[in-house]
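# Would you be able to build a 3D model of this:
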Amino acid sequence: MKRGTGIVMVAVAVLLSVATAVAATQPCVKCHEGITPGVVADWQLSRHAQNSIGCETCHGDGHTTAADVAKVKLPTADTCAQCHETQFGQFSKGKHALAWASFNAMPTTHALPLAMREGMKGCGGCHKLGLKSPAEIERLAQQGGMHGNASCDACHTRHTFSVVEARQPQACQTCHMGFDHPQWEMYSASKHGVRALLKQNGVLPASASAPTCQTCHMPEGNHEVRTAWGFLAVRLPLADDPQWKADQVTILQALGVLDLAGNPTGRLDVVKAADVVRLTQEAFDAERGKMLAVCSQCHAATFAKGELQKGDDMVRDVDHLLAEAIREIAGLYRDGVLAQPAGYAAAFPDLLTFHDAPTAVEQKLFVMHLEHRMRAFQGTFHANPDYALWYGWSEMKRDLQEIRELAAQMRAEHAARSKAGG
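Numbering: from 1, shown residues only. Sure, this is the predicted structure:
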């Protein structure tokens, strides 16, 4: 066969394939232009439309009329994986894929009002992007709604599924903001974020250095998205510094992953299975090395190492403040001043009960841990001194003082009651 003839035949085959896909999609488009015009408009803008990936590819061909809507297939991450195998494989190994599992593992999740839990208006509004079993997908479908079936569309908004959109820092803004993880607020007000905005606005040229969230956390487009410190800035092995090591043990006991004797609990098994923390020095060093490589694209390696070390130092310092507060409340339990709720680890408050903690002093500890500690170390790593100091470290100092004063007051009242009763 002549070379020119072969090219023509390939071109004809491609055109026939395109024509077939377009023909199959046209009835969907014609109907949904009147029912869901926004969906059609977004699909028409997409690379899927440009490459003749029609509705039936993701939704199946069972639904053809208003009478058989129940036959429409709701895509899952596995649907995306048929074409995007590499990205799905990376995502599956990362922390975003575990978002749903961690949401369900939190004790406080199951105490939320139904509208927040099953209605996805609380933590589940973002944590729904995690991978789910077929049984879970079916259960959620019975409740009405997709509840993050596809996962990928959390960043690549359907039905454009735009790579360009997902590469913008604003793609992360919806979830990474607010009370316990205001990374967006930290980043957008940092020099990194300001330069990125100026670059988007055209004030800075396209060639200017302006790192986005994806630059640092998804180098070369890797969808795994990991950090050295991982979940809540706890890790193994424990520090060599004696004071920091003792503080880390206290925090791990209050997180319920170590018992009173310092031995692992069932919660640690869950953490290991989920791989949401770095459990070896090698794992930590691997993630830190990736970040240093990214930072070194714009900064001297010595500067990058120094800045990341400041983040490590901040974790150490806030760990001490938090551990001191935990010990205050543990002492109240131990001395019978404060009744310890059933189900808490022996002599320790449970940091994962969040707003369900039963007293004001325990609530203060919850805020200290999940709001102010997170802001102190994350503000440092995100190059935002205001968050690191005023919204983080300073607030933790105030929290600890308030907890100490509340503890002293509770002890005095307990002693007075005991004396009156004795």
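# Output the lowest mean pLDDT helix or strand found in this structure.
helix 3-35 (a mean of 63; mean pLDDT, DSSP states H and E).
# Past that one, which element shows up next along the chain?
helix 37-45 (DSSP states H and E).
# Contacts for whichever helix or strand comes after that following helix, please.
Later in the chain than helix 37-45, the nearest helix or strand by DSSP H and E is helix 47-50. With contacts defined as CB atoms under 8 Å, 6 or more residues apart in numbering, helix 47-50 is touched by W43, I53, G54, T57, H159, F161, S162, V163. (C-beta placed from N, C-alpha, C; glycine too.)
# One more: stretch 30-43?
Residues outside stretch 30-43 that contact it (CB under 8 Å, 6+ apart): V29, A49, C55, T157, R158, H159, T160.
# from those, which is closest to A254?
Lowest distance from A254 to these (CB to CB) belongs to T157, with 38.3 Å.
# chain center to stretch 202-210: distance?
Averaging C-alpha positions (CA atoms, centre = their mean, to the nearest Å) puts stretch 202-210 28 Å from its chain's average.
# For that stretch, buried residues please.
Buried positions in stretch 202-210, judged by neighbour count with 16 or more other CB atoms under 10 Å: L204, A210.
# measure it end to end?
12 Å (CA to CA, to the nearest Å).
# Can you give me the domain assignment for this structure?
Annotated domains of the chain cover 27-67+75-164, 177-223, 226-421 [automatic domain parsing].
# Compare those domains and give me the one nearest A171.
Comparison of the domains of the chain against A171 by CB to CB identifies domain 27-67+75-164 as nearest, at 5.0 Å.
# Between its first and last residues, how far does the closest one reach?
29 Å.
# The closest residue to Y391 other than its chain neighbours: neighbour count?
Once flanking residues are discounted, Y391 sits nearest to R375: 4.5 Å by CB to CB, 6 or more residues apart in numbering. Residue neighbour count, defined by other CB atoms under 10 Å, stands at 30 for R375.
# So R375 versus H369, what's the distance?
Here R375 is placed at a distance of 11 Å from H369 (CB to CB, to the nearest Å).
# that older thread, between the contacts of helix 47-50, which sits nearest L308?
Of all the contacts of helix 47-50, V163 has the smallest distance to L308: 29.1 Å, by CB to CB.
# For the closest one, the count of nearby residues, please.
By the criterion of other CB under 10 Å, V163 has 12 neighbours.
# Tell me the spacing between it and E395.
In this view, V163 and E395 are 39 Å apart by CB to CB.
# Quick check, P219 in contact with V294.
Yes. Using CB atoms under 8 Å, P219 makes contact with V294 at a distance of 5.3 Å.
# Which residue of the two possesses the greater neighbour count?
Neighbours were counted for P219 and for V294 using other CB under 10 Å; V294 has more, 18 against 14.
# ok, now which ones touch the residue most central in space within the chain?
The residue lying closest to the centre of the chain (CA atoms, centre = their mean) is H96, at 5.9 Å. Each residue near H96 by CB under 8 Å, 6+ apart is listed here: L129, G130, S151, A154, H223, V225.
# Tell me which two in those are the farthest apart.
G130 and H223 (13.4 Å).
# between these two, which one's more packed in?
Neighbour count, other CB under 10 Å: between G130 and H223, G130 has more, with 23 against 20.
# separation between the more buried one and I137?
G130 is 12 Å from I137, by CB to CB.
# Please name the nearest non-neighbouring residue to V361.
Leaving aside its chain neighbours, V361 sits nearest to L406 (4.5 Å; criterion: CB to CB, 6+ apart).
# what about the one you found, how many neighbours?
Other residues lying near L406 total 19 when counted by other CB under 10 Å.
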